[in-house]
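Novice: Sequence first, predicted model second:
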Amino acid sequence: MFSSTRCAFLSNSGLGGCSSLCDAQRKRSTRFRVVSMTPSSSRSGDRNGSVVMETPLKELKKESTVADVDNNPISAGGPQDVYGEDRATEDHFVTPWSVSVASGYTLLRDPHFNKGLAFTENERDAHYLRGLLPPSVIPQETQVKKMIQHVRQYQVPLQKYMAMMDLQERNERLFYKLLIDHVEELLPVVYTPTVGEACQKYGSIFMRPQGLYISLKEKGKIREVLRNWPEKNIQVIVVTDGERILGLGDLGCQGMGIPVGKLSLYTALGGVRPSACLPITIDVGTNNEKLLNDELYIGLKQRRATGQEYAELMHEFMTAVKQTYGEKVLIQFEDFANHNAFDLLEKYRSTHLVFNDDIQGTASVVLAGLVAALKLVGGNLADHRFLFLGAGEAGTGIAELIALETSKQTNAPLAEVRKNIWLVDSKGLIVSSRKDSLQHFKKPWAHEHEPVRNLVDAVNKIKPTVLIGTSGQGRTFTKEVIEAMASINERPIILSLSNPTSQSECTAEEAYKWSQGRAIFASGSPFPPVEYEGKVFVPGQANNAYIFPGFGLGLIMSGTIRVHDDLLLAASEALAAQVSQENFDKGLIYPPFTNIRKISAHIAANVAAKAYELGLATRLPQPKDLVKFAESCMYTPSYRSYR
Ligand SMILES: NC(=O)C1=CN([C@@H]2O[C@H](COP(=O)(O)OP(=O)(O)OC[C@H]3O[C@@H](n4cnc5c(N)ncnc54)[C@H](OP(=O)(O)O)[C@@H]3O)[C@@H](O)[C@H]2O)C=CC1
Ligand SMILES: CC(=O)C(=O)O
Ligand SMILES: [Mg+2]
């Protein structure tokens, strides 16, 4: 469909494009690095199957009319979202290499550059859009208003989710603007709880791949698979193997919804460029019988590989990522089952920039909430007693960070402060006399105590001031449990962290009602405000989404090369400091998500400051004002003008 005059070049960050480089273009393009799109070519086009011609930047005069360079210090030097078009000789380009994206119909189909009806009259003339759009020019703000109405018209959360995914596929900047402007309303749509249902039904709602699938079939070829991804300057990868998706269990390959959702929060909440984010699902099979028998299941139809086969695939993946994207790419492990999660973290934490969100990110967010809660209930961490239902990744991760912080505050040995923290798993209270062989991550919590089988008895015996649910089992904080907490404490702190909503240990209403309105409550998935005896209680959301976007930004902007526990403490401290008196007055222990970008900038700054202090940051010199620097690094989704 492209004539020689209309066919435009494709930039390193533009999707889709013309199927071959036309002659006229080829002539003009010799001064530039130009990618001719063949079916196998990628956006950077430095691979077999692409025609690549490069010209160093000095041969291109810098020009001032390209208004859309990502003004982002942390992406400088790498491929950026730069729009140009095929008037190559007019020196329209500012990147070191590559330029230009498709124009006309192809431009409208490119989610990175599409602006829909917001294309101006001039842009419509310049980019061959005349006639391809209805005549009205509608600014982005108005498009946002229209889109939020569109999403609101759906009553079913999954339909809202699909409307959002559809928008992300059509117009990325509008998607992010909408998400940022309506974050409280849309977080439950693109993230928990709805993303859980989306993963369960991924096979039937699957439209277009949104991330990379690396299965056992790709063993031995993972570097090649990584090169198939159209973006080259990757800064954050969220990877899952789908074995423990939220509290929904093994969803195999359909767990992809989680990395996709988490990374959209990296951008919306933390300001990391979308093109720097790569969602990955490792498919080693699934043990979910329902999926194995489902003809629409999108993953490998085999039982999960384990042992050496699993370890080898993961090792090839970890090695390939570092070789492809370098030392400083951040890898976030997400929703692995605990029998792999702890081992993977242990194995790679000293060689890669990795963290496990469920173990470490969750710990950081919960510690922040607890520190804030102490302002309402009084005392220091050391004065409190903690009981967990659930002793897996989240439970033991949080327990360890509380112990670490308490030990720092009191100078008491870790082993000593751990004695104030108790965990219950599916077999009862974890005590030293337990006959079953405890997994290694439970052992530090096996204190001297008689065996206790159930949670109510554990509450009555341990007399905790804080009860934390990390069991993945819904409605396990029964009336009896919450009444017991309320009889022991004037202000019981109760956190039901399990996701999605169906797995929450109790609802907000139950927590407030059964404690006669005295509980300080937060949950992993959001609950609406509750009215109890004429008073409105607003529950907080204790979710790692508060931490990982800002945490990741802090690591990236400082060029940090390893994650140290002190960085998680720094993130936690920064989040706790963002809870205002107004929030406390409402009984909240987390600030609202409406301010999340500001919160993320503070988290990023505190994390980066600690990384510099520990000598882990490689971006030198250290910026003077790290909060401002963090803000300046953030991607903003406003449309750029294409001149
Ligand atoms: N709010 C947030 O930000 C986050 C929330 N989560 C949520 O936390 C939940 C747990 O995640 P994670 O820790 O990774 O999962 P794990 O599988 O690692 O741990 C689950 C733990 O719960 C225990 N358990 C299961 N059933 C019961 C029961 N009936 N009674 C008591 N204990 C039980 C398990 O016992 P056993 O060891 O004996 O099998 C295990 O110790 C999930 O729902 C997840 O969505 C996770 C991360 C972040
Ligand atoms: C929030 C999260 O990471 C989880 O539930 O697994
Ligand atoms: Mg998770």
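Specialist: Everything's here; your move. Ligands and ions are numbered 1, 2, ... in the order given.

Novice: Just say helix, strand or coil for the residue lying closest to I359 once chain neighbours are set aside.
Specialist: Leaving aside its sequence neighbours, I359 sits nearest to G397 (C-beta to C-beta, 6 or more residues apart in numbering; 3.6 Å). Bear in mind the C-beta positions are built from the backbone N, C-alpha and C, glycine included. Of the three states, G397 takes helix according to DSSP: H, G, I helix; E, B strand; the rest coil.

Novice: Just the pLDDT for the residue nearest to T476 when sequence neighbours are not counted.
Specialist: For T476, the nearest residue in space outside its immediate sequence neighbours is E505; the separation is 4.9 Å by C-beta to C-beta, 6+ apart. Model confidence at E505, expressed as pLDDT, equals 98.

Novice: Next: G392.
Specialist: We note a pLDDT of 98 for G392 in this prediction.

Novice: Identify the residues contacting it.
Specialist: Listed by C-beta atoms under 8 Å, 6 or more residues apart in numbering, the contact set of G392 reads 338, 425, 441, 470, 472.

Novice: May I ask which of these has the most neighbours?
Specialist: Among those, T470 has the most neighbours (other C-beta atoms under 10 Å), with 28 neighbours.

Novice: quick one on the thing from earlier: from memory the residue nearest to T476 sits against T478, does it?
Specialist: No. Contact criterion C-beta atoms under 8 Å: E505 and T478 do not qualify, at 9.3 Å.

Novice: So those two - more neighbours on which side?
Specialist: Set E505 next to T478 and count neighbours by other C-beta under 10 Å: E505 wins out with 31 against 16.

Novice: which secondary structure element contains the residue nearest to E400 when sequence neighbours are not counted?
Specialist: Spatially, and ignoring its direct neighbours in sequence, E400 is nearest to A363 (6.8 Å; C-beta to C-beta, 6+ apart). Assigned by DSSP states H and E, A363 falls within helix 362-377.

Novice: and the nearest residue to V538 once chain neighbours are set aside, how far is that from V536?
Specialist: Of all residues not flanking V538 in the chain, P529 sits nearest, at 4.8 Å (C-beta to C-beta, 6+ apart). P529 sits 5 Å away from V536, going by C-beta to C-beta, to the nearest Å.

Novice: what is in contact with the two at once?
Specialist: In the contact map built from C-beta under 8 Å, 6+ apart, no residue is linked to both P529 and V536.

Novice: circling back to that earlier point, just confirm the residue nearest to V538 contacts G540, I think it does.
Specialist: No. Contact between P529 and G540 fails when scored by C-beta under 8 Å: they sit 11.1 Å apart.

Novice: which residues does H127 contact?
Specialist: With contacts taken as C-beta under 8 Å, 6+ apart, H127 has the following neighbours: 85, 103-104, 107, 119, 642.

Novice: Can you select the buried ones from those residues in PyMOL?
Specialist: In PyMOL, a selection of the buried entries from the contacts of H127 looks like this (16 or more other C-beta atoms under 10 Å):
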select buried, resi 85+103+104+107+119+642
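
Novice: So which elements touch the helix holding A363?
Specialist: When contacts are defined as 3 or more C-beta pairs under 8 Å, 6 or more residues apart in numbering; DSSP states H and E, helix 362-377 sits against helix 393-410, strand 466-469, strand 493-496, strand 520-523, helix 565-577, helix 581-585.

Novice: Checking the closest residue to ligand 3 within the stretch 101-250 of the chain next. Helix, strand or coil?
Specialist: For the stretch 101-250 of the chain, the residue positioned closest to ligand 3 under C-beta to the ion is L246, at a distance of 6.6 Å. Judged by three-state DSSP, the three-state class of L246 is coil.

Novice: ok, now which ones touch the residue lying closest to it once chain neighbours are set aside?
Specialist: The spatially closest residue to L246, leaving aside those adjacent along the chain, is N499, at 4.2 Å (C-beta to C-beta, 6+ apart). Taking C-beta under 8 Å, 6+ apart as the criterion, N499 is in contact with 192-193, 196, 246-247, 524-525, 543.
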